[in-house]
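Colleague: just a sequence and a predicted model for now, questions to come.
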Amino acid sequence: MSSKRASALEFESAGLSDVGKKRGSNEDSFALAPQHRLFVVADGMGGHAAGEVASRLAVESIERHISGSDPRKEPTIPADFRSPQGDEAALTPPARRVLNAVRLANQEIVRSVRKNREMRGMGTTVVMAYIQGSRAVIGSVGDSRAYLLRDDTLRQITSDHTFVNEQVRAGTLTQSEARKHPARNILTRAVGSQEEVEVDLIEQDLQAGDLLLLCSDGLTSMVEDDGILAALRGSRGDLATSCRALIDLANAKGGDDNVTVVLVRAVGPAKPTD
């Protein structure tokens, strides 16, 4: 007797990271864990290689938590987290799993800073996609982004946690002014910068043919959305080629920062399970 999961999708993925043209080291990290339907990009910050440490700690902690939990079971709340209240109590189990994963990563970085004061000030952005069935839970802290490409339309799913974006949302800056603003890189949220972290959670239903893009701001600070869309159009057949095309484009525009891209495509219904 077989039970079909009509809503489940199969996915393919690729990722690539590059130091860029002007940085001496790469403080970005990423993870592809298709066996757990988990994809992560983190962009670290802090001197003395602390940014590299922070992004790596975050990615490893998130992957460890997701891989060690059973998606068929209700996620447990770590003992040192406060009990969920209000909107948190109503989250779906996958969304709670994402929230727990980012909070645990935050704790790990905070503990590392306590142990090594030279790491003071380190932190990282995080954008992650955790897919169950045909729904992706996107977790976001900072200005690394998630996009959805569907029917030749590219849409930014996440919202940047930056001082400048807050001004745009308040109507005091235009998008064009924001791209050139001297404070455009100042984050209002980061993983590891405070004892508690606020995480944006977005649940996105996916369909065959959809493409998710996760990226650090080394791409989006160099390339506008229409340029990203054009690059994806030009190399849509192969995800690894698309990753390289996006990084090459960011570097061709100046390569001011490390740039990391992860692409995840829904390729069709999953095979029925017995």
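Modeller: Cool, the structure landed.

Colleague: what sits against the nearest residue to residue 205 once chain neighbours are set aside?
Modeller: Spatial nearest neighbour of residue 205, chain neighbours left out: residue 135 (5.4 Å); criterion: C-beta to C-beta, 6 or more residues apart in numbering. All C-beta spots, glycine's among them, are computed from the backbone N, C-alpha and C. Residues in contact with residue 135 (C-beta atoms under 8 Å, 6 or more residues apart in numbering) are 94, 203-206.

Colleague: kindly reformat these as JSON lines containing distance to residue 248 and neighbour count.
Modeller: What follows is the contacts of residue 135, written out as JSON lines (distance: C-beta to C-beta, whole Å; neighbours: other C-beta atoms under 10 Å):
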{"residue": "94", "distance to residue 248": "34", "neighbour count": "21"}
{"residue": "203", "distance to residue 248": "33", "neighbour count": "14"}
{"residue": "204", "distance to residue 248": "28", "neighbour count": "18"}
{"residue": "205", "distance to residue 248": "32", "neighbour count": "10"}
{"residue": "206", "distance to residue 248": "27", "neighbour count": "22"}
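
Colleague: inside helices: which ones of the residues you listed?
Modeller: Counting by DSSP state H, the part of those found in helices is residue 94.

Colleague: out of the contacts of residue 135, who's nearest residue 128?
Modeller: Set against residue 128, the nearest of the contacts of residue 135 by C-beta to C-beta is residue 94 (11.5 Å).

Colleague: can you tell me which residues contact the closest one?
Modeller: Taking C-beta under 8 Å, 6+ apart, we find residue 94 in contact with 71, 130, 132, 135, 137, 203.

Colleague: how much space between the third one and residue 11?
Modeller: This points to residue 132. Distance, residue 132 to residue 11, by C-beta to C-beta, to the nearest Å: 11 Å.

Colleague: residues that sit against both of the two, list them.
Modeller: Contacts common to residue 132 and residue 11, judged by C-beta under 8 Å, 6+ apart, are residue 37.

Colleague: what comes up buried for stretch 178-194?
Modeller: 178, 181, 184, 187-193 (16 or more other C-beta atoms under 10 Å).

Colleague: tell me which of those is nearest to residue 90?
Modeller: residue 189 (22.1 Å).

Colleague: quick check: phi and psi at that closest one.
Modeller: When read as degrees, to the nearest 10, the backbone of residue 189 gives phi -140, psi 140.

Colleague: my read is that it contacts residue 144, right?
Modeller: No: counting by C-beta atoms under 8 Å, residue 189 does not reach residue 144; the two are 11.3 Å apart.
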